[in-house]
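Engineer: heads up, no residue letters with this:
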């Protein structure tokens, strides 16, 4: 699933199908975690609550060429559902990369110091 971030709403949206297993998970427990990664050394983790929507006006507002690739019938496709994620806590995790981190950890072991300062972490309520 691709995230659709609407900062003006303070929400993260996902477009999915009615038969998605994720919807069953949300119905059972709306608490959710969303993770974004640059694929290298940074991750942003949000925790919050998810809700399922089939609101056509919002589906149309979020419609894009990428959505059309998955739903060729267009935004009126009756199987489209939205996951509305409302984050309440955000965390940023950064590290200098695997090779540098391993080097710093090895240096800490060799020198008897701590490698606790290898990366950074910021946590903020939203």
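Structural biologist: In hand now; what should we look at? The model shown is predicted, which means the values in this text are computed figures rather than measured ones.
Engineer: make it CA atoms for all contacts and neighbour counts henceforth
Structural biologist: Noted.
Engineer: ranges for the strands of the protein?
Structural biologist: 3-6, 11-17, 31-37, 42-53, 80-94, 120-125 (DSSP state E).
Engineer: could you redo those as a markdown table and give each row mean pLDDT and mean neighbour count?
Structural biologist: Putting the strands of the chain into a markdown table (pLDDT from 0 to 100; neighbours: other C-alpha atoms under 10 Å) gives the following:
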| stretch | mean pLDDT | mean neighbour count |
| --- | --- | --- |
| strand 3-6 | 91 | 13 |
| strand 11-17 | 96 | 19 |
| strand 31-37 | 94 | 14 |
| strand 42-53 | 94 | 19 |
| strand 80-94 | 93 | 19 |
| strand 120-125 | 68 | 11 |
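Engineer: Would you mind giving the ones you listed as a markdown table with distance to residue 23 added?
Structural biologist: Below are those laid out as a markdown table (distance: least, C-alpha to C-alpha, whole Å):
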| stretch | distance to residue 23 |
| --- | --- |
| strand 3-6 | 15 |
| strand 11-17 | 9 |
| strand 31-37 | 12 |
| strand 42-53 | 7 |
| strand 80-94 | 8 |
| strand 120-125 | 26 |
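Engineer: so which of those gets nearest residue 24?
Structural biologist: strand 42-53 (9.9 Å; C-alpha to C-alpha).
Engineer: which other residues reach the closest one?
Structural biologist: Strand 42-53 is contacted by residues 23, 26, 30-37, 81-95 when judged by C-alpha atoms under 8 Å, 6 or more residues apart in numbering.
Engineer: tilt between it and strand 11-17?
Structural biologist: Angle of strand 42-53 versus strand 11-17, following axes from the mean of the first three to the mean of the last three C-alpha atoms, to 10 degrees, is 60 degrees.
Engineer: what residues are up against the spatially most central residue of the chain?
Structural biologist: Geometric centre of the chain, nearest residue: residue 34, 3.0 Å, by C-alpha atoms, centre = their mean. Counting by C-alpha under 8 Å, 6+ apart, residue 34 makes contact with 45-47.
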